[in-house]
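Visitor: here is a sequence with its predicted model. Questions after.
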Amino acid sequence: MAVHFHEEDLPAGVLAPGAIAIDTETMGLVTPRDRLCVVQVSDGQGDEHLVRFGVNSRYDAPNLKAVLADPARVKIYHFARFDLAAIEYYLGVVAAPVFCTKIASKLTRTYTDRHGLKNLVQELLGEDISKQQQSSDWGAPELSEAQRDYAASDVRFLHRLVAVFEERLAREGRRGIAQACFDFLPTRARLDIAGWAEQDIFTHD
Ligand code: MN
């Protein structure tokens, strides 16, 4: 099990077939302002791949884009809404079909309001991840060891979480509504970029 670091694109052929876990690190939460710095990818076999984009990147990453756009690969995220927006805005691909562990958590863990990745990994898998590097400078010319470890840990547990949530969604009879939410997420992300980030267009007012 290792963390692999790449500049500007994923090498070809490094991923096993099937679902992949995806996360992104950016310069902040305002997607058009805050550039995409890192895309993390895991195929669930134990290795993580970090793809770092430099300050003047042209985001010309054919291997990564092909994997993200592959309709045969489910993309697993925690809070897909943000990552989908950053990926579509900077890489120009809709990284679907989607499974979002935060949505799955909200639809099944109705006994709590703690839906952070750290909480899920702790409660459902009994593992511990640090969130210390979350608000660090992802645009720095050199990423620290702590940043790399943190970035990798954000995709390390997502396949195992999906297995837990598949059971819970089935048990609670919510697999169908979960899938409908997952399918809507690329549109939700597009609304964020288009200016409806704060407004809920489904409300009456
Ligand atoms: Mn992250």
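Guide: Structure's in. What do you need?
Visitor: each with direction, which strands does the helix or strand harbouring Gln40 pair with?
Guide: Following DSSP states H and E, one finds Gln40 within strand 36-42. The strands beside strand 36-42 in its sheet (DSSP bridges) come out as strand 20-26 (antiparallel), strand 48-52 (antiparallel).
Visitor: the ion: which of those strands is closest?
Guide: Closest approach to the ion among the strands paired with strand 36-42 (C-beta to the ion): strand 20-26, 4.4 Å. Any C-beta I mention is one placed from the backbone N, CA and C, and that applies to glycine too.
Visitor: right, is that closest one up against the ion?
Guide: Yes - interface with the ion: strand 20-26 contributes Asp23 (C-beta under 5 Å from the ion).
Visitor: how about residues contacting that strand?
Guide: For strand 20-26, the external contacting residues (C-beta atoms under 8 Å, 6 or more residues apart in numbering) are 34-44, 67-68, 73-78, 82-83, 86-87, 95, 138, 151, 154-156, 158-159.
Visitor: what pLDDT does the residue in the chain that the ion sits nearest to get?
Guide: Relative to the ion, the nearest point of the chain is Asp154 (3.7 Å; C-beta to the ion). pLDDT recorded at Asp154 is 97.
Visitor: quick revisit: could I get the average pLDDT for the strand holding Gln40?
Guide: For strand 36-42, mean pLDDT is 98.
Visitor: so is it next to the ion?
Guide: No - Strand 36-42 stays clear of the ion (C-beta under 5 Å from the ion), getting no nearer than 7.0 Å.
Visitor: can I get that strand in PDB, CA atoms only?
Guide: C-alpha atoms of strand 36-42 as PDB (Å, rounded to 0.1, in the frame of the first residue of the first chain):
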ATOM      1  CA  LEU A  36      -8.000  23.000  -8.500                       C
ATOM      2  CA  CYS A  37      -4.700  21.800  -7.000                       C
ATOM      3  CA  VAL A  38      -4.900  18.100  -6.400                       C
ATOM      4  CA  VAL A  39      -7.100  15.200  -7.600                       C
ATOM      5  CA  GLN A  40      -6.800  12.000  -5.500                       C
ATOM      6  CA  VAL A  41      -7.800   8.700  -7.000                       C
ATOM      7  CA  SER A  42      -8.100   5.200  -5.400                       C
END
